[in-house]
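> Requesting a structural model of the entry that follows:
(one chain, ligands or ions: 2)
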Amino acid sequence: MKLGRLNHIGVATPSIADSIVFYRDVMGATHIHAPFDLHDQGVKVCFVDTPTDSRGLGGMDGTQIELIEPLPGNTSIASFLEKNPNGGQHHLCYEVPDIHAAKAEFEAMGKRVLGEPRIGAHGTLIFFVHPKDMGGILTEIMETPKAH
Ligand SMILES: CC[C@H](C(=O)O)C(=O)SCCNC(=O)CCNC(=O)[C@H](O)C(C)(C)COP(=O)(O)OP(=O)(O)OC[C@H]1O[C@@H](n2cnc3c(N)ncnc32)[C@H](O)[C@@H]1OP(=O)(O)O
Ligand SMILES: [Co+2]
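Ligands and ions are numbered 1, 2, ... in the order given. Sure, this is the predicted structure:
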């Protein structure tokens, strides 16, 4: 495995609307994208850009905060929020060039890959690796988006 770019930090929240106010007013975020529903994952999602470097230039290629709020019927985020009512860091997402090769590598190392690769919130294939096999961190692996 070769450590890839940290694409985003997944943050579970009971209210994306409240989290937007926090990231705008407390953290000074200047690039907050419109929330959208991912019905097949049962979550509402909102991406907050962070600057690409310490000069605060901003831009899409900085690591993003991925805010996730459960839609009615969602169980996984809802159960996380039962334990963490104010929300909290939910997962880290790293990019890989080849999602299928990465899945085979994690499985060869005895890590529990959760389900088959599926389309994630950035529109590329993703999978998750169980937190118990990843030092306590639910880890999302996503195929690097193709350059436009
Ligand atoms: C924006 C959409 C995005 C995308 O498509 O890109 C997503 O879909 S993210 C939103 C939801 N999807 C997922 O989270 C998929 C991966 N998650 C899972 O499959 C489960 O949540 C799983 C397996 C991590 C835990 O499910 P389980 O039913 O086993 O829940 P438990 O509460 O019983 O947890 C067991 C054990 O794991 C610990 N745990 C649970 N969640 C996390 C976490 N986010 N980070 C770290 N650790 C976590 C939990 O504390 C339990 O530990 P224990 O010591 O046994 O108490
Ligand atoms: Co994610």
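> which residues sit against the top helix by length along the chain?
Secondary structure of the chain per DSSP state H: the longest helix is helix 99-108. Here helix 99-108 makes contact (Cβ atoms under 8 Å, 6 or more residues apart in numbering) with Met1, Val96, Val113, Pro117, Thr124, Leu125, Ile126, Phe127, Val129, Ile141, Met142, Glu143. Quick note: C-beta positions are derived from backbone N, CA and C, even for glycine.
> of those residues, list those near ligand 1.
Ile126 (Cβ under 6 Å from any ligand atom).
> from the contacts of helix 99-108, which would you call buried?
Buried residues within these, counting neighbours by 16 or more other Cβ atoms under 10 Å: Val96, Val113, Pro117, Thr124, Leu125, Ile126, Phe127, Val129, Ile141, Met142, Glu143.
> Can you tell me which residues in the protein are near ligand 1?
Checking the chain against ligand 1 by Cβ under 6 Å from any ligand atom, the hits are 10, 38, 41, 43, 45, 66, 68, 76-77, 79-80, 90-91, 114, 120-121, 126, 128, 130-131, 136, 138.
> now, which of those lie within strands?
Among the residues of the chain next to ligand 1, the ones falling in strands (DSSP state E) are Gly10, Leu38, Val43, Val45, Glu66, Ile68, His90, His91, Leu114, Ile126, Phe128.
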